[in-house]
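> Below are the sequence and a predicted model; questions follow.
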Amino acid sequence: MNPSIDPSTFRQAMRRLAGGVGVVTVGSGADRTGFTATSVTSLSAEPPTVLVCINRNASSWSALSDYRSFGINLLNADQQPLADRFSGRTGEKGSARFFGARWKTLVTGAPLLEGALAAIDCTVEEVIERHSHAIVIGRIEAVELGRWSDPLLYWSGIYRTTRDLETVPFSAVG
């Protein structure tokens with residue numbers, strides 16, 4: 001990073017970019033883990049691939065490196081407690097983060113959330129390590145669509161829904 005760019009200012013700038021919230025899951029049984037991510041992006045439709053960014057100091061990084069498959073679970077507005085749990089805000093770690101929700105597998109064995117807006121089952125195609133993070137390119141093996149509902153968003157440092165965006169005064173974000 002350019003030494004003249006203050007990291008705090010950069011983080012504030014990125015908080016102005018609204019993002020959908022997903023839970024990235026990996027592992028099986030007592031070895032399951034995962035993390036909340038807003039850094040999930042489609043890469044290509046042919047072949048279907050996605051990008052996920054993860055801090056290499058995160059506890060899920062070693063599991064992702066070992067298992068070489070993962071799930072992306074796009075959350076709806078009612079699933080904020082799950083986002084909190086997988087972000088570590090509530091103190092649970094590893095497989096304890098999975099309690100209170102229903103999970104299944106499709107192709108790779110990665111845990112996928114029942115009731116998510118979409119559950120995407122991926123294998124790791126490539127990992128690019130840069131600075132503190134890794135960019136994981138995932139080849140999509142299966143997709144299951146949930147019912148259409150309001151997505152959970154992350155914007156300006158907090159969770160929101162599309163309904164919230166209609167009432168946010170400009171002075172709160174400007």
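Everything's here; your move. Predicted model, so just to flag it, every value in this text is computed and none were measured. Numbering: from 1, shown residues only.
> use CA for all of it now, contacts and neighbours both
OK.
> Please enumerate the strands of the chain.
19-20, 22-26, 33-37, 40-45, 48-55, 69-74, 103-104, 112-113, 118-130, 133-145, 153-155, 158-160 (DSSP state E).
> what's the closest non-adjacent residue to Thr25?
Distances taken as C-alpha to C-alpha, 6 or more residues apart in numbering place Gly34 nearest to Thr25, at 4.2 Å, with adjacent residues excluded.
> Oops, could you answer that again for Val21 instead?
Thr38 (5.0 Å).
> Please name the bridge partners of the most centrally placed residue in the chain.
With distances taken as C-alpha atoms, centre = their mean, Ala37 lies nearest the centre of the chain, 2.6 Å away. With DSSP bridges as the criterion, Ala37 is bridged to Gly22.
> so what's it scoring on pLDDT?
Per-residue pLDDT puts Ala37 at 94.
> neighbouring contacts of stretch 122-134?
Where contact means C-alpha atoms under 8 Å, 6 or more residues apart in numbering, the residues beyond stretch 122-134 that reach it are 53-57, 68-72, 108, 135-142.
> and Ser39, how many neighbours?
Using other C-alpha atoms under 10 Å, Ser39 has 14 other residues around it.
> and what of Ile135?
Ile135 has 19 neighbouring residues, counting by other C-alpha under 10 Å.
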